[in-house]
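Asker: model this:
(one chain, ligands or ions: 2)
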Amino acid sequence: MFVLHIALQGCLRGSDVQYGINADTGGHIRYLLGMVEASERIAKAERIVIATRAFESNHGADYAVPRERVSSKTEIVRFATPNPDYLTKEELWSEVPAYAESLIDWIGAQPAPPDIIHAHYADAGVVAGIVRERLGIPYTFVAHSLGRVKMDAFRDNAGTENPDSMESLERRIEIEERAIRDASLIVASSRDEAEFQYSQYKNYDPGRIRIIPPGAELAAFRGAPPRLHVDRLINRFLTHPEKPALIAIARPVAKKNLAMLVKAYGESAQLQEMANLVLIAGNRSDISHLEPEISNSLNEILRLIDLYDLYGRIAYPKVHLPSDVPAIYGYAQYRRGIFINPALNEPFGLTLLEAAAVGIPIIATDSGGPNDIVEICRNGELVDPSSSDDIAQAAIRMLADPALWDSYASAGARAVKRFDWRSHAKRYLRLAEAVTGKEGIGIRQPRELLVSDIDNTLLGSRDALAEFSEWLAGEPEMAFAIASGRSFHSAMSVLEQEESPLPDIMITSVGSEIYYRAENGPEYRADPEWAEWIAEGWDRAGILAALQELPGIRPQSPLEQRRFKLSYLSPANPEAAAMIAERLIAVGLQATVMGSHARYIDILPPRASKGTAVEFVRKRLGLETRQVYVAGDSGNDVEMLRLLPNAIVVGNFCDQLRSRPELDHCHFAPRRYARGILDGVAYFRGAQDGQALSVA
Ligand SMILES: O=c1ccn([C@@H]2O[C@H](COP(=O)(O)OP(=O)(O)O[C@H]3O[C@H](CO)[C@@H](O)[C@H](O)[C@H]3O)[C@@H](O)[C@H]2O)c(=O)[nH]1
Ligand SMILES: O=P(O)(O)OC[C@H]1O[C@](O)(CO)[C@@H](O)[C@@H]1O
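Answerer: Numbering: from 1, shown residues only. Ligands and ions are numbered 1, 2, ... in the order given. Take a look at the predicted model:
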């Protein structure tokens, strides 16, 4: 497979990238190079080309070189555009059409065209769109950062001036809409990005978005030791260099909100007593020669240092090499410091993975990707980036509590192994192959349908899943569906992570959403008729209001709240579901209320449940009930187990399913997890054969 990456911005080269040299040389380049390096080691990636823009500047001659060989498989090609100068991403738009023409000419001169284009950021999305229109090459899109989210972050933090003009942001959003609409598949880094950030766009289509988390360069960062020259770089600023260090590593742009961190530190004498502050904010020679956004940010930081008289307590080295970065984190780790990211919004946050890999706790903005990172890694705390006090208090708490520090540091170091470039590249290439039609998939008219819950039914035992997968591969006439309480993206992520066979049908968010896998492609399409049907009688706002004052319950995270699902937690009250149902009846509202695992509560439209969704799908597929098997383990599966005759309860069930009379017809499988599903299918098939025999 020939993969062409397009990334137009910043100072991109094959090695020694100077991150933070300007506003556009940052995470998207780290991401691209990490992904490419891992792809090189995968056989099916036969040729990799990174197409970027050639320019002349005082950043060096490398960026005007038309061809740079990176490895035997990979090269960087640079195309000039009418304006030969370095241009910021906001100035690049006018060069995009000419750039696309050069790229199309170049593709025409290749022995074979690329199989797929992977476009990084909106401007590359436009180029990929033009190429697709002219040459028919499909493209995948990774935004790295979305204009609408950036716009909202500045709107919500009125104190910080947005350096982008409204006009430029609006143009960017329009372009992103097109890139999102025409991409064969969109790659997101987190659930926040897939389910919240993209949902702000008109062309949002969850079935075309896949979460493939980026990697952390574990080998370089894991347990990185301090280095003498890095210690010197930092210590020359400090009166007490032995103190713990609060560190931030970020391009000094307004959105990264570094000034708020200086303010938090400057306002707290206690924090200054406990720790030094170390800011790694790009590289500079003369601040007055930098782009306005960067020089403004740096000047503001210098003003605050002076205002709070932080001399001797804050380090802000002028330059650092890319190879110094692991040891900078190592400096903080050695001193039991903390990594802080106070960005107004962080689309994902590679630095947070780097900090986790080195083994230091993090304090990060509660806006964007850090929500997912902290949930997965349990390596720190989220704060409101507009509150200097919130930031300072979190740091004081962590510094004062060695056990807390240890638990965050070790949890992060353990969990970050899940962020791996090799598995990112493998998953990307698998999807790219499906996009290009090399991996033909899709269901034929099935003769049977198997619907399984995910957690603790299909998943839970790797061995059982492997056995199940092998069995399913030998059942070409069986449509495979999952029915889960998880959202589409959460379900897809865990299935891909566990290497489960991909379902033909996904019934998600406890039956309130249904998706079908497209024939010959990896994307899924939501069922609009199901949405229309369950909308009847659903008063989401009314339910929210009715439950606002109810004691003993609290909402689950914002991502669990969907158009057709409201989810709560009731850790101390197993009767909460019944209490909610009573309250809703009392105020005349209709809903399906479901409790599971003695603490989760889902409230759905009256017509929605896993059971009604399975029935809807069964009828769509033209199957009879005896041709359908359903399998589950807990309270939120009862609706589908109750409604279908071939109902399987796996051996590891909970929520006292055996004592529920409506489940008397179920087969309680002897074996656990996915093996229990196999037991159940065999049982019902045997029973049907027996029946057929006795009729005969
Ligand atoms: O002075 C600096 C500043 C940054 N870095 C490195 O540059 C990268 C920055 O990446 P990230 O923290 O992810 O931020 P952005 O540069 O803003 O990257 C964009 O793209 C990333 C990849 O998609 C996303 O994770 C971000 O949220 C998005 O804003 C990291 O590896 C840093 O270590 C340096 O080496 N020196
Ligand atoms: O803040 P913005 O304008 O959304 O852009 C984020 C920037 O981060 C980057 O990843 C920097 O590398 C680029 O994608 C982009 O220049």
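Asker: what's the neighbour count on Gln445?
Answerer: Counted by other CB atoms under 10 Å, the residues lying close to Gln445 total 9. In short, each C-beta sits where N, CA and C put it, glycine included.
Asker: do the same with Pro244
Answerer: What Pro244 shows, counting by other CB under 10 Å, is a neighbour count of 19.
Asker: same check on the one 5 residues further on?
Answerer: Burial of Ile249, expressed as a neighbour count using other CB under 10 Å, amounts to 24.
Asker: can I assume it is in contact with Val325?
Answerer: Yes. Contact criterion CB atoms under 8 Å: Ile249 and Val325 qualify, at 6.9 Å.
Asker: for the stretch 201-350 of the chain, what lies in contact range of ligand 1?
Answerer: 249-251, 280-282, 322, 325, 346-350 (CB under 6 Å from any ligand atom).
Asker: so which of those residues is surrounded by the most neighbours?
Answerer: Within these, Glu346 tops the neighbour count with 31 neighbours, counted by other CB under 10 Å.
Asker: need the nearest residue in space to that residue, chain neighbours excluded.
Answerer: Gly368 (4.3 Å; CB to CB, 6 or more residues apart in numbering).
Asker: tell me who's in contact with that neighbour.
Answerer: Gly368 is in contact with 149, 190, 192-193, 197, 343, 345-349, counting by CB atoms under 8 Å, 6 or more residues apart in numbering.
Asker: need the phi and psi values for it.
Answerer: The phi and psi values for Gly368, taken as degrees, to the nearest 10, are phi 110, psi -150.
Asker: retrieve the pLDDT associated with it.
Answerer: Looking at Gly368, its pLDDT reads 96.
Asker: can you give me the buried ones in stretch 146-160?
Answerer: 146-154, 157, 160 (16 or more other CB atoms under 10 Å).
Asker: what of stretch 266-276?
Answerer: For stretch 266-276, by 16+ other CB under 10 Å, it's 266, 268, 271-272, 274-276.
Asker: quote the end-to-end distance of it.
Answerer: By CA to CA, to the nearest Å, the extent of stretch 266-276 from end to end equals 11 Å.
Asker: picking up where we left off before, list the ones among the residues of the stretch 201-350 of the chain next to ligand 1 that fall in strands.
Answerer: If you go by DSSP state E, those have 249, 280 in strands.
Asker: lowest pLDDT pick from the residues of the stretch 201-350 of the chain next to ligand 1?
Answerer: Of all these, Pro322 carries the smallest pLDDT score, 91.
Asker: coming back round to it: and the residues of the stretch 201-350 of the chain next to ligand 1 as JSON lines, adding distance to ligand 2?
Answerer: Converted to JSON lines, these look like this (distance: CB to the nearest ligand atom, whole Å):
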{"residue": "Ile249", "distance to ligand 2": "13"}
{"residue": "Ala250", "distance to ligand 2": "10"}
{"residue": "Arg251", "distance to ligand 2": "7"}
{"residue": "Ile280", "distance to ligand 2": "15"}
{"residue": "Ala281", "distance to ligand 2": "14"}
{"residue": "Gly282", "distance to ligand 2": "11"}
{"residue": "Pro322", "distance to ligand 2": "13"}
{"residue": "Val325", "distance to ligand 2": "15"}
{"residue": "Glu346", "distance to ligand 2": "10"}
{"residue": "Pro347", "distance to ligand 2": "7"}
{"residue": "Phe348", "distance to ligand 2": "9"}
{"residue": "Gly349", "distance to ligand 2": "11"}
{"residue": "Leu350", "distance to ligand 2": "9"}
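Asker: need the residues of the stretch 201-350 of the chain next to ligand 1 in TSV with distance to Val510, can you?
Answerer: As requested, these are exported to TSV (distance: CB to CB, whole Å):
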residue	distance to Val510
Ile249	41
Ala250	39
Arg251	41
Ile280	45
Ala281	45
Gly282	46
Pro322	46
Val325	43
Glu346	30
Pro347	29
Phe348	28
Gly349	30
Leu350	33
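Asker: what is the nearest of the residues of the stretch 201-350 of the chain next to ligand 1 to Leu663?
Answerer: Relative to Leu663, the closest of these is Phe348; by CB to CB it sits at 42.9 Å.
Asker: look up which helix or strand the residue of the stretch 101-250 of the chain found nearest ligand 2 falls in, please.
Answerer: Nearest residue of the stretch 101-250 of the chain to ligand 2, counting by CB to the nearest ligand atom: Ser145, 3.2 Å away. Using DSSP states H and E, Ser145 maps to neither a helix nor a strand.
Asker: pretty sure it is touching Gly349, no?
Answerer: No. Using CB under 8 Å, Ser145 is not in contact with Gly349, being 11.0 Å away.
Asker: can you list the residues of the protein near ligand 1?
Answerer: So far as CB under 6 Å from any ligand atom goes, the chain lies against ligand 1 at 19-20, 26-28, 30-31, 144-145, 189, 249-251, 280-282, 322, 325, 346-351, 354, 369.
Asker: what's near enough to touch Ile117?
Answerer: In this structure, Ile117 makes contact with 3-6, 128, 131-132, 137-140, judged by CB under 8 Å, 6+ apart.
Asker: tell me the secondary structure at the residue in the stretch 251-400 of the chain positioned nearest to ligand 2.
Answerer: The minimum distance from the stretch 251-400 of the chain to ligand 2, using CB to the nearest ligand atom, falls at Lys255 (5.1 Å). Three-state assignment for Lys255 (DSSP: H, G, I helix; E, B strand; the rest coil): helix.
Asker: what's the mean pLDDT across the helix or strand containing Val131?
Answerer: Under the criterion of DSSP H and E, Val131 resides in helix 121-135. For helix 121-135, mean pLDDT is 97.
Asker: which strands and helices sit next to that helix?
Answerer: strand 2-6, helix 96-108, strand 116-120, strand 139-142, helix 166-182 (3 or more CB pairs under 8 Å, 6 or more residues apart in numbering; DSSP states H and E).
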